[in-house]
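Student: A structural model of the following input is requested.
(chains A and B)
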Amino acid sequence: NAGVTQTPKFQVLKTGQSMTLQCAQDMNHNSMYWYRQDPGMGLRLIYYSASEGTTDKGEVPNGYNVSRLNKREFSLRLESAAPSQTSVYFCASSDGTYHNTEAFFGQGTRLTVV
Amino acid sequence: AQKITQTQPGMFVQEKEAVTLDCTYDTSDPSYGLFWYKQPSSGEMIFLIYQGSYDQQNATEGRYSLNFQKARKSANLVISASQLGDSAMYFCAMREGPYSGAGSYQLTFGKGTKLSVIP
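Tutor: The predicted structure is shown next:
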């Protein structure tokens, strides 16, 4: 009963390095989301995928790319990390077919860019 | 314009008292859902309660209830009989339906309210 699994849980990057955050869900959900959480800013949507094969920008997409590899997996890539991308990143999924289904969240990835 | 507004950065409540956390939203889609999540200091996101735009009655889940005023576009969370374990960040969120164009099915969060329960 894993739900939404994010890896890694912690990561330290140097400015300019790249990395991919992995997310997988085992609930057969259609929609998947990537958020970042910064103090006082709530959760801001980076990218989302309403269904397999589609991705759309959210509120803060600059500096990120995503791939919906299949129905289970939705990855977030930082091509050239910047200190401003230091944050806690959450992946989430929901059924997506109807608006009345809650999102389930991963445990988060704490990323520090130095 | 912000889609979800939570105007209370922080709230204090005495143990066993009730507390209301405010949330207003903005959408032109007639079909949407409103959610409340709790985030304790451990960091996980815990779903609390849901209200649909077509629901006639206010949602309730145990000690949580949602005061839904559609005309005012507000969806306040009411926690009755507060407990020390209720101390956490609380987030209001909205998921718009299929009529929001590029925003369809986005799940947007407010900035949150930090609730502290005093013994």
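Student: Quick one: name the residues of chain A near chain B.
Tutor: Contact residues, chain A versus chain B (Cβ under 8 Å from any Cβ of the partner chain): A:31, A:33, A:35, A:40-45, A:48, A:50, A:56, A:58-59, A:88, A:90, A:92, A:94, A:96, A:99-105, A:107-108. C-beta: built from backbone N, CA, C; applies to glycine.
Student: gap between the most centrally placed residue in chain A and chain B?
Tutor: Geometric centre of chain A, nearest residue: A:W34, 2.7 Å, by Cα atoms, centre = their mean. Distance of A:W34 to chain B, given as Cβ to the nearest Cβ, to the nearest Å: 11 Å.
Student: Ramachandran angles for B:L107?
Tutor: phi -120, psi 110 (degrees, to the nearest 10).
Student: Narrow the residues of chain A next to chain B to those in strands?
Tutor: If you go by DSSP state E, the residues of chain A next to chain B have A:31, A:33, A:35, A:42-45, A:48, A:56, A:88, A:90, A:92, A:94, A:104-105 in strands.
Student: Worst mean pLDDT across the helices and strands of chain B, which element?
Tutor: strand B:107-109 (a mean of 90; mean pLDDT, DSSP states H and E).
Student: Can you confirm whether that strand lies near chain A?
Tutor: Yes: for strand B:107-109 and chain A, the contact criterion (Cβ under 8 Å from any Cβ) is met by B:L107, B:T108, B:F109.
Student: which one of these sits closest to B:S80?
Tutor: Closest approach between those and B:S80, by Cβ to Cβ: B:F109, at 23.9 Å.
Student: My guess is that closest one contacts B:C92. True?
Tutor: Yes: contact criterion Cβ atoms under 8 Å: B:F109 and B:C92 qualify, at 7.2 Å.
Student: between these two, what contacts are shared?
Tutor: Common neighbours of B:F109 and B:C92, counting by Cβ atoms under 8 Å, 6 or more residues apart in numbering or on different chains, are B:I4.
Student: Looking at those two, which one has more neighbours?
Tutor: Comparing B:F109 with B:C92 by other Cβ atoms under 10 Å in any protein chain shown, the one with more neighbours is B:C92, at 28 against 24.
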